[in-house]
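1. Fold the following, please.
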Amino acid sequence: MAVRSHLPWPLRWAVAAVMLGFSGALALWAFEVGRSIAGLNPGGRDAAVLVQDLRQQLADARMARDRAQSIANSADSLLKTERVTQQRLSEQVKALESENLALKDDLGFFERLLPASGGEGVSLRGVQGELDGAGQLRFQLLVMQRGGSRNPPEFRGRVELMLIGLKDGKPWFDTTAAWKQALQLKQYVRVQGVVSAPPQVQIRQVQVRVLDESGVLRSNELLKL
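-> Alright, predicted model coming up:
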């Protein structure tokens with residue numbers, strides 16, 4: 001024979017409600033303790049602040065990255081510009097050096113000119129020549145108009161080179177011009193060129209002549225080599 005306690009239904013519901021409430025309170029307490037251990041308060045303010053701080057740090061890191069990239073791009077652009085500028089300056093220096101050499105050559109050429117003689121007319125100045133190993137004569141000279149007039153009339157004519165030397169050990173002279181060039185000047189003109197000696201001829205002298213359009217000899221000079 002078993003003895004059973006008889007509880008009314010309202011009391012059973014009350015007991016069940018108490019047990020459920022206790023269980024819920026215990027679960028809530030465990031949840032809050034876990035959040036406290038993690039460093040978060042019950043209202044979630046710490047989590048929001050932490051997320052906001054992380055977002056700000058991320059934004060700051062992105063800004064720092066963008067600034068660094070901008071500085072790197074600017075530095076690369078400046079480096080390229082500097083290289084281009086340096087290359088241009090180097091080319092200008094080379095051009096100026098070449099121009100300087102040409103000016104020195106011209107200056108030396110004019111410095112070797114003798115003072116002009118009196119009177120008027122056309123004169124030869126600074127006649128120079130040099131033989132190379134191939135039997136060629138490289139020469140240069142200056143044709144000038146003498147006189148006190150600052151605006152002399154234009155001279156038209158030609159310059160001729162006659163070669164004098166030895167052929168087979170005997171004196172040799174060419175009756176025809178070995179080189180000639182038309183002239184047209186008001187004050188001066190520089191003339192230069194190369195003349196090849198005939199076969200078996202050793203050039204010893206060069207006669208330089210300036211003639212007008214009618215063939216009249218206006219100036220003459222003998223260059224000894």
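2. all helices for this structure, in order.
-> Under the criterion DSSP state H, helices of the chain are mapped to 9-38, 45-111.
3. Pick out the shakiest of the ones you listed, pLDDT-wise.
-> Among the helices of the chain, helix 9-38 has the lowest mean pLDDT, at a mean of 55.
4. Residue 183 touches residue 156, doesn't it?
-> Yes - taking contacts as Cβ atoms under 8 Å, residue 183 lies within contact range of residue 156: 6.8 Å. All C-beta atoms are positioned from the backbone trio N, CA, C, and that covers glycine.
5. Please say which of these two ends up with more neighbours.
-> residue 183 (19 against 11; other Cβ atoms under 10 Å).
6. ok, that one to residue 129 distance?
-> Separation of residue 183 from residue 129 (Cβ to Cβ, to the nearest Å) stands at 18 Å.
7. Please apply the same query to residue 176.
-> 19 Å.
8. Give me the more crowded residue out of the two.
-> Higher neighbour count among residue 176 and residue 129: residue 129, with 18 against 8, using other Cβ under 10 Å.
9. Any idea what the more buried one is bridged to?
-> Beta-bridge pairing for residue 129 (DSSP bridges): residue 139.
10. same deal with residue 212?
-> Beta-bridge pairing for residue 212 (DSSP bridges): residue 157.
11. shouldn't it be in contact with residue 156?
-> Yes - counting by Cβ under 8 Å, residue 156 is a contact partner of residue 212 at 7.1 Å.
12. Around residue 221, count how many other residues there are.
-> Using other Cβ under 10 Å, residue 221 is surrounded by 14 other residues.
13. Over to the one 3 residues further on?
-> A count of nearby residues for residue 224, using other Cβ under 10 Å, gives 8.
14. pLDDT at the residue nearest to it when sequence neighbours are not counted, what is it?
-> Distances taken as Cβ to Cβ, 6 or more residues apart in numbering place residue 205 nearest to residue 224, at 5.4 Å, with adjacent residues excluded. Looking at residue 205, its pLDDT reads 92.
15. Residue 202: what's it in contact with?
-> For residue 202, the contacting residues are 165-167, by Cβ atoms under 8 Å, 6 or more residues apart in numbering.
16. my read: residue 154 touches residue 184, true?
-> Yes - in this structure, residue 154 is within contact of residue 184 by Cβ under 8 Å, at 6.7 Å.
17. show me what contacts the nearest residue to residue 188 once chain neighbours are set aside?
-> Sequence neighbours aside, residue 144 is the residue nearest to residue 188 in space, at 4.3 Å (criterion: Cβ to Cβ, 6+ apart). Taking Cβ under 8 Å, 6+ apart, we find residue 144 in contact with 116, 122-123, 125, 187-188.
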